[in-house]
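S.K.: sequence-free structure coming up:
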């Protein structure tokens, strides 16, 4: 019984390490990724319009949340295959 928990713990650690490694790479490039995702929104703005931050922490939290969500999405195939769901 104990070996099952050890294997589960090892797989969870591998998945978290994989998610964190993707997160750090994406967070480094989060400004570029944010600009790519903002292109459709910027096209809908008036000619000299631009996006503004409506909260004090938005300039930091929006790229952070974007990197977190993308790292979870990109790591899903590894996580699913690691746990043998498919």
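M.R.: It's in. Just so you know, these numbers come straight off a predicted model, no measurement behind them. Numbering: from 1, shown residues only.
S.K.: element containing residue 43, please.
M.R.: Assessed by DSSP states H and E, residue 43 sits inside helix 30-44.
S.K.: nearest residue to residue 53 other than its sequence neighbours?
M.R.: residue 59 (5.0 Å; C-beta to C-beta, 6 or more residues apart in numbering). Quick note: C-beta positions are derived from backbone N, CA and C, even for glycine.
S.K.: Could you report the neighbour count for that neighbour?
M.R.: Other residues lying near residue 59 total 9 when counted by other C-beta atoms under 10 Å.
S.K.: ok, back up a step: packing partners of the helix or strand following the helix holding residue 43?
M.R.: Once the chain leaves helix 30-44, the next helix or strand it forms, by DSSP H and E, is helix 58-82. Helix 58-82 sits against helix 2-28, helix 30-44, with contacts defined as 3 or more C-beta pairs under 8 Å, 6 or more residues apart in numbering; DSSP states H and E.
S.K.: Which one of the ones you listed lies nearest to residue 63?
M.R.: For those, distance to residue 63 was read as C-beta to C-beta. The smallest value, 3.6 Å, belongs to helix 30-44.
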